[in-house]
Structures are given as structure tokens and as C-alpha cells.
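Undergrad: Please find the sequence and the predicted model below.
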Amino acid sequence: MATKEPEIITDKNQMRNWSRAMRSQGKTIGLVPTMGYLHEGHLSLVKQSHCHANLTVVSIYVNPGQFSPSEDLSIYPSDFQGDLRKVMSLSKAVDVVFHPHNLYDYKNNFKNNDVNDSKRSESGNAGSGVVSCLEEKGMGHETWVRVERLEKGLCGKSRPVFFRGVATIVSKLFNIVEPDFAFFGKKDYQQFRVIQRMVRDLDFGIEVIGSEIARDEDGLALSSRNVHLSPEEREKVLSMLLILLCYDLHITLMKTEPMAPNVDQSSFLEYAYQIVDQESLEAMEEIKSPVVFCIAAWFGKVRLIDNMEINIMKHFSH
Ligand SMILES: Nc1ncnc2c1ncn2[C@@H]1O[C@H](COP(=O)(O)OP(=O)(O)OP(=O)(O)O)[C@@H](O)[C@H]1O
Ligand SMILES: CC(C)(CO)[C@@H](O)C(=O)[O-]
Ligand code: BAL
């Protein structure tokens, strides 16, 4: 357990030096990557890290590389002081809050980085057809990590730059913090599997740990974007959740007939009750292995996701 309030580090070299100093003393480090506006879901990851590792680093960084220009980067909620209060409420479970200003600012490395941004933005995307907010701003970053198959389905269909942006920023965070463990919530199920696969494929020496979904008392999965929901929209999300729970019940009762999705027409279902294998994320016709039911839907301007793992052993072993 930490003996003092968390240190706030904004500089990536200082962050790396801190980690290396701690590791040289034989300490293990857990990293909890977040985009801030912390809630109990984030704090459950912190608690897990505190159990697994000697020291915990929480990163707070809203990554422009994972948003396309049509997405909600500009209204993504933030409250750094509130985040610090929440972190401190955890009785010193967090050792460092890493809060960099811009992880794509390489001006100190390459002096010619600020020439003709707009041209670089165009050429940086030649032929790819996808542009993130980062490229739109012409930051000069052009290296991307892609987990080619896992990133394609589910959320990847409507958020074409999302997973390469996530895989890239998480790689950068791994290289800066050099943790032993990294914690991701299963609410963002595809993200968790993408990172797990990336770590395996690229031989990062890091154990990726998935954490169960933390829910509000009414069952709604906690999410920073919930703050944008009106009370009516929140009701609609809950009816979507109810159907997810009914699916679980059907499976438990070994009934095979799928239920028809029945979400209010004023909400927009992006994909609903997609049943995929937990690791490959491939669509399953028959449920023969552990699967996960996934939903993504729009409620007004808010896009939310939720899912439920169905572990075949639990349901069919007797
Ligand atoms: N309800 C939750 N339960 C468990 N983990 C969660 C929950 N919500 C978020 N996380 C995890 O916290 C980490 C940081 O997520 P992020 O900062 O994007 O918060 P978020 O609530 O998922 O925000 P958003 O509204 O963008 O989905 C991710 O690994 C994410 O899966
Ligand atoms: C993993 C992550 C911090 C990368 O920006 C983000 O996608 C998130 O908060 O889930
Ligand atoms: N929770 C994942 C971050 C995002 O949706 O942009």
C-alpha cells in the first residue's frame, strides 16, 4: 500500500524514470489506463491492481487517436480535480496518476515537426481512407498498431479508427510505464480482447487482466458517457439491459429460441445481441463454447455498449 498521496506525473520521461526506479527496487507495477471522469468501474480496476501489484499507476488521457472527427471527442467529459478526489478516496491505493498533456507531441525529438501540418495530415492518410482527430490535427504521428482481425467486427464496424487508436496508445503507455500488469474492464469487451491479443502477438511482458463490469444499482453499466443521458434515455438503456438479462435466463433454462430485440424505436440499435466466441469474437451460430452477448446502441447522442459473458460450463455442465 502506498504511504503518501499519489504523485501526479505529466512528463513521459519522468514517468518512465519513476517506473524504472521502482522496478530496480523489486516492486511490481500495475497500470490502469483510463480517459478520466472516473467512476466506480474505474475504481474497481484500481482495487484489482492494488491486490495484484506492489504499486499502481492510473493514467488519465483522452486519446485523440481513437476518435474519428465525427465522434464525440470534443464533448468527452473530464474533471481532473474530481478524479483526484476519487483516487484519494481509495485510501492510498494509487501511487501515481499519469496525466500527460499530449502523448503525440514529438517536438522535442524532431525539430522539423511543425512544418505544414495540413499537408502531413493528407499524406499521412494516403490511401487508408480513415482519419482520426489526431491525424486531422496533423500531429505528425504515423505509426499505428493494428490487431487486424479482432478489430474488424462489433464496434470496429462503426468506429473504423477506434481499435488501432486504442492499440497504439496502449502500446505507448506500456512503453512509458513498463508495467507488470494492466487492467481493462470487460464492459469494453472487444477492447479487452484486442489488447490481450496485441500483448501476446507483440511479446509485451505484461499480464493483461480483465475486470468484471461494475453496474449501478439499477443495473446500468457504469460509463463516463452516462452523464450525457437524459432520464428518459436512461430508462431506454435499462430496457435494453433487461433483454440482455432475459437472454441469459433463456440460456440458463436451455431454451433455444432467441428473443426478438425489442428496444424502443427512438433508440438506434447498432448491433444487438450479437453472440460471439469470447476469445476469437467470431459470430456463433450454435452456443458450444464460452460466448459473450454484445450490444451497442445510440440513445440520443450517446453511444453505449454492454455485454454479458455466458460461460458454457456454468450453464450446461449438469
Ligand atoms: N462499468 C465498468 N466496469 C468495469 N470497467 C469499466 C467500466 N467502465 C469502464 N471501465 C473500464 O475502465 C477503463 C477506462 O475506460 P474509460 O475511461 O473509457 O471509461 P468508460 O466509462 O468506459 O467511458 P466511456 O463512456 O468512454 O465508455 C477501460 O478498461 C474500461 O473498460
Ligand atoms: C484503454 C483506453 C484508456 C485507451 O485510450 C480507452 O480506450 C478506455 O478508456 O477504455
Ligand atoms: N471506453 C472506451 C473509450 C471510448 O469509447 O472511446
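TA: Done, it's in. None of these values were measured; they are calculated from a predicted model. Ligands and ions are numbered 1, 2, ... in the order given.
Undergrad: Now D72: closest residue in space, sequence neighbours ignored.
TA: K301 (7.2 Å; C-beta to C-beta, 6 or more residues apart in numbering). Yep, even glycine has a C-beta here, placed from its N, CA and C like the rest.
Undergrad: which residues does the one you found contact?
TA: Counting by C-beta atoms under 8 Å, 6 or more residues apart in numbering, K301 touches D72, I75, H228.
Undergrad: Helices along the chain, start to end?
TA: 12-24, 40-52, 80-88, 117-124, 133-136, 155-158, 162-177, 189-201, 231-252, 312-316 (DSSP state H).
Undergrad: tilt between the first one and helix 162-177?
TA: Okay, so that is helix 12-24. 60 degrees (axes from the mean of the first three to the mean of the last three C-alpha atoms, to 10 degrees).
Undergrad: what separates helix 12-24 from the chain centre, distance-wise?
TA: 24 Å (C-alpha atoms, centre = their mean, to the nearest Å).
Undergrad: Quick one: residues in contact with that helix.
TA: Residues external to helix 12-24 that are found in contact with it (C-beta under 8 Å, 6+ apart): 7, 9, 29, 54-55, 57, 96, 98, 100, 103, 176-179.
Undergrad: Let's see that with 6 Å instead.
TA: With contacts defined as C-beta atoms under 6 Å, 6 or more residues apart in numbering, helix 12-24 is touched by I9, I29, L55, F98, P100, I176, V177, E178.
Undergrad: who touches the nearest residue to the second one once chain neighbours are set aside in this structure?
TA: Meaning I29. Nearest residue to I29, sequence neighbours excluded (C-beta to C-beta, 6+ apart): P179, at 4.5 Å. Applying C-beta under 6 Å, 6+ apart to P179 gives the contacts I29, L31, I206.
Undergrad: Could you check how far the second one is from Q48?
TA: Spelled out, it's L31. Separation of L31 from Q48 (C-beta to C-beta, to the nearest Å): 12 Å.
Undergrad: The two - which one has more neighbours?
TA: L31 (28 against 20; other C-beta atoms under 10 Å).
Undergrad: Look up the residues forming beta bridges with the more buried one.
TA: V57, A182 (DSSP bridges).
Undergrad: Does it touch V57 like I think?
TA: Yes: proximity of L31 to V57 meets the contact threshold set by C-beta atoms under 6 Å, at 5.1 Å.
Undergrad: The contacts of K301, buried ones only, as a ChimeraX selection?
TA: The buried residues among these can be selected in ChimeraX (16 or more other C-beta atoms under 10 Å) with this line:
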select :228
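Undergrad: Done for today, thanks.
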